[in-house]
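Participant: build me a structure from this.
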Amino acid sequence: MDNQRILIGTAGWSLPRAEQIHFPAAGSHLERYATRFTVVEINSSFHRSHKPAIWARWRDAVPSGFRFSVKMPKAITHTARLNVTRDVIAAFIDEIAILETKLGCLLVQLPPSFALDPTTTEHFFNELRAATTVLIACEPRHESWFTAEADTLLCQLGIARVAADPARVPPAGAPGGSRELTYFRLHGSPKMYYSSYSNEYIDRLADRLREEPAKARTAWCIFDNTT
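Facilitator: Alright, predicted model coming up:
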């Protein structure tokens, strides 16, 4: 098994006081986080743009092998519901390009009310793929995205479908779409953004992740729960 293809991190890098003993004492939270994890998911980009100096500071705070997953802005995914121009996509890609080789993945999370529209989906992801070479994961939440037809479309577009917990429908708990990338996104269950995971769950997840490199080029696992 190639362990470098299994990447584990969290959404954000703030270190709770109770956990700081597990990290070096010196450095920023991100610098300390990067001594224990090799990837992190940036969610703040969903809410607002960041100045070039901020992206550069984050890039320079981590080792060369560290990778960021960047969540696309809600203005694109939720307000416009993917119906944006090429220039809007290019502007976001230009903003995050400051991360350089440390940009490892893009996360496109869709609102629960957003049903699959094949025409809009194909146009958006074709434009996005033309704008960047990094891997792309999509986290849809409407049940219409979890059909064989939707999975085929995502495969054709080269887009991985996130495996989420808790899963809104059973297929949402398994990776889908393009298998070039596997992306687990764990929000806490049964209480989202709060519940911890048992040791038994972590053991099962570890076994599952060990199987993924045979199917995907890279397997990401992001914990997005505060505990």
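Participant: return the residues in contact with F125.
Facilitator: Neighbouring residues of F125 by CB atoms under 8 Å, 6 or more residues apart in numbering: 136, 138, 157-159. Just so you know, the C-beta spots here come from the backbone N, C-alpha and C atoms, and that holds for glycine as well.
Participant: which strand or helix spans it?
Facilitator: Using DSSP states H and E, F125 sits within helix 118-131.
Participant: residues in contact with the lowest-mean-pLDDT helix or strand in the chain?
Facilitator: Least confident helix or strand, the chain: helix 199-211 with a mean of 91, by mean pLDDT, DSSP states H and E. Helix 199-211 is contacted by residues 1, 6, 8, 184, 186, 197, 219, 221 when judged by CB under 8 Å, 6+ apart.
Participant: same question for stretch 106-115.
Facilitator: Around stretch 106-115, the neighbours that count as contacts under CB under 8 Å, 6+ apart are 41, 46, 69-72, 77-78, 81-82, 128, 132, 134-142, 144-145, 159, 162, 168, 183, 185.
Participant: list the contacts of W13.
Facilitator: So, once contact is read as CB under 8 Å, 6+ apart, W13 ends up touching 29-30, 33-34, 40.
Participant: go again using 6 Å as the cut-off
Facilitator: 29-30, 33, 40 (CB atoms under 6 Å, 6 or more residues apart in numbering).
Participant: next step: the residues you listed restricted to helices.
Facilitator: Judged by DSSP state H, the contacts of W13 include 29-30, 33 as members of helices.
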